[in-house]
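J.: predicted model and sequence follow; I will ask about them next.
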Amino acid sequence: MVRSVPPVKRSLVSPERLGGGISLLHAMTADSPAVAGPGWRVVHLTSVHPHDDTRIFHKECRSLAAAGFEVVLVAPGAPDAPDHGVRFHPIPRPAGRLRRFATSGLAVFRAALAERGALYHFHDPELIPVGLLLRLCGKRVVYDVHEDVPAQLRSKHWLPHWLRGVVAGLTAAVQWVGLRAFSGVVAAGDDVAEALGRAGVTVVRNFPLLREFPDGDTSDYLQRAPVVVHVGNLSRIRASRELIAAMGHLPAGSPARLVLVGRFTADGLEAEVRGLPGWARTDYQGWGDRATVAKRLAEARVGVVMFGPHPNHYAVRSNKLFEYMAAGLPVVTPDFPAWRALVEGTGCGLVADPTDPAAIAAAVAALLDDPARARAMGVRGREAVLATYNWEAEFTRLRSLYERLLGPGMSGSRPRTDAACASSISTSTSRCRPDPTAPGVTRWRGAGCRPATR
């Protein structure tokens, strides 16, 4: 059964303004398959994240598939076989950041058109041009903003200091244009929504999946070894050096161990921290899949998440913090106002100055030295996740956005093919020309010309 795609509200530009290059779209999409399946086909797009990214795949795509949507994920290096109801459309994984910027956008755009989705949902700011092109074809497009991108760019180590402000400003300008063109905008946190202006932004926060922490059993907590766990990337701006150094500030006879589940970024940090005294108390395990992460959390006594004092870190958007809480672990976090408010408000752990290894060590030692108090903190954190900070509650907002954009009661006529989209924005005025009988509004008429609306 083919599910008809209702028209989108308006085409963003007139055919005469696009130029003859649009004929490429016709060649690329002439043989695209029909939109099929029991529900709407929604296509998620990323050129940066891995195919099994926690937010994109495990939370959004899998939840949408379980809700009856036909879900396709376009991602670099994705497998051919479907997973949990999600079908993958792999694109090449370029070697290096510059090559990715130069080639991935076109690869994602081609894949997106080939999939002929009823809605496209992209996750990377560098794909804003792709999102705008899809809007030019009358597609519904959702931009998922994971971070306050301009603030994030101001602390990127791979950008020269003098260039960071310029790139951040240009990105903010491009984002401003895109936000007014896209069908919907999703933000991963309230602070991100505020940076975007909040109006019309749907906040879908990065809270943990309850299915991955079904019981939060900590009955064995007092018998666990004094293990401190950190899950996630390791870098200078995440205060990873200070965290490892903190292990060297623990008392000489302490049996505590720091378990690192994640990868070092390419900023020379790994070679540096291997020479710190705290490295002797560190077990570096590298990247771990979801099952491995859950196992490590179930073995630990304390969960640590650290970030350096950079503007993009002041808000609480750490997926790992809430996963520690879901697993019933007491936490140690950076002592920023929003983090302190959450940690002290829920009573789930302690905060420490992320620039001071001795302060981090003191917080860790306080939890390890008082297991009963630490376990009670973990229980309170788990209760807060069950009540508020869980993905299942957040997903209702995403589903509501999709249903509003797609119109659950809208059936419309047979969907326009992408070849028809290409034709409708071609430069052939014999097929598509301004309608002078429609004063005050841009309309087009001609055989085969039916521009979509937003």
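T.: Perfect, thanks for sending it.
J.: what's the domain layout of the protein?
T.: Using automatic domain parsing, the domain ranges for the chain come out as 15-206+392-445, 210-389.
J.: any chance of these in a markdown table, with mean neighbour count and mean pLDDT too?
T.: (Glycine included, C-beta is placed from N, CA and C.) Putting the domains of the chain into a markdown table (neighbours: other Cβ atoms under 10 Å; pLDDT from 0 to 100) gives the following:
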| stretch | mean neighbour count | mean pLDDT |
| --- | --- | --- |
| domain 15-206+392-445 | 18 | 74 |
| domain 210-389 | 19 | 94 |
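J.: leaving out the residues flanking it, which one is nearest to T346?
T.: Nearest non-adjacent residue to T346, counting by Cβ to Cβ, 6 or more residues apart in numbering: A384, 4.4 Å away.
J.: does the one you found fall in a helix, a strand, or a coil region?
T.: helix (DSSP: H, G, I helix; E, B strand; the rest coil).
J.: now the helices for the stretch 301-450 of the chain?
T.: For the stretch 301-450 of the chain, the helices defined by DSSP state H, counting those that start in this stretch occupy 319-326, 337-346, 357-369, 371-387, 391-406, 418-424.
J.: same thing with the stretch 151-300 of the chain?
T.: Counting by DSSP H, counting those that start in this stretch, the helices of the stretch 151-300 of the chain are 161-179, 190-195, 240-247, 269-273, 290-299.
J.: next one: the residue lying closest to V201 once chain neighbours are set aside from R205, what distance?
T.: Distances taken as Cβ to Cβ, 6+ apart place A193 nearest to V201, at 4.4 Å, with adjacent residues excluded. To R205, A193 is 10 Å away according to Cβ to Cβ, to the nearest Å.
J.: wait, a helix at V48?
T.: No. Counting by three-state DSSP, V48 is located in no helix; its state is coil.
J.: residue contacts, it?
T.: By Cβ atoms under 8 Å, 6 or more residues apart in numbering, the residues touching V48 are 76, 100, 123-124, 126.
J.: now for those residues, which pair is the farthest apart?
T.: R100 and H123 (14.1 Å; Cβ to Cβ).
J.: sorry, back to before: restricted to strands, list the contacts of V48.
T.: Judged by DSSP state E, the subset of these located in strands is P76.
J.: how about the contacts of V48 in JSON lines, adding distance to G262?
T.: JSON lines is the format used below for those (distance: Cβ to Cβ, whole Å):
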{"residue": "P76", "distance to G262": "20"}
{"residue": "R100", "distance to G262": "21"}
{"residue": "H123", "distance to G262": "20"}
{"residue": "D124", "distance to G262": "21"}
{"residue": "E126", "distance to G262": "23"}
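J.: returning to what we had before: same list, the helices of the stretch 151-300 of the chain, but as a markdown table with distance to P214 please.
T.: A markdown table is the format used below for those (distance: least, Cβ to Cβ, whole Å):
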| stretch | distance to P214 |
| --- | --- |
| helix 161-179 | 38 |
| helix 190-195 | 28 |
| helix 240-247 | 29 |
| helix 269-273 | 35 |
| helix 290-299 | 10 |
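J.: of all those helices, which one is nearest R62?
T.: helix 290-299 (11.1 Å).
J.: for that closest one, the distance to its chain's centre please.
T.: With Cα atoms, centre = their mean, to the nearest Å as the basis, helix 290-299 stands 21 Å off its chain's centre.
J.: stretch 39-58 now?
T.: 9 Å.
J.: using CSV, list the CA coordinates for it.
T.: Extracted C-alpha coordinates of stretch 39-58, given in CSV (Å, rounded to 0.1, in the frame of the first residue of the first chain):
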residue,chain,number,x,y,z
GLY,A,39,3.4,4.6,7.9
TRP,A,40,5.0,7.7,6.8
ARG,A,41,8.6,7.4,5.5
VAL,A,42,10.9,9.6,7.5
VAL,A,43,14.5,10.0,6.6
HIS,A,44,17.2,11.0,9.2
LEU,A,45,20.4,12.5,7.8
THR,A,46,23.9,12.8,9.3
SER,A,47,27.3,13.3,7.8
VAL,A,48,29.1,13.5,11.1
HIS,A,49,27.7,11.1,13.6
PRO,A,50,28.1,7.3,13.5
HIS,A,51,25.1,5.2,12.4
ASP,A,52,24.6,4.0,16.0
ASP,A,53,24.6,7.4,17.6
THR,A,54,22.7,7.3,20.9
ARG,A,55,20.4,10.2,20.2
ILE,A,56,19.9,9.7,16.5
PHE,A,57,19.6,5.9,16.2
HIS,A,58,18.9,4.4,19.6
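J.: let's number from 648 now, not from 1
T.: Let's use 648 as the start, then, which means that last one is stretch 686-705.
J.: how about the nearest residue to L826, chain neighbours excluded?
T.: V832 (5.6 Å).
J.: then R702?
T.: R702's closest residue in space is N853 (Cβ to Cβ, 6+ apart), at 5.7 Å.
J.: quick revisit: does the residue nearest to T993 touch V990 like I think?
T.: No. Assessed by Cβ atoms under 8 Å, A1031 is found out of contact with V990, at 10.3 Å.
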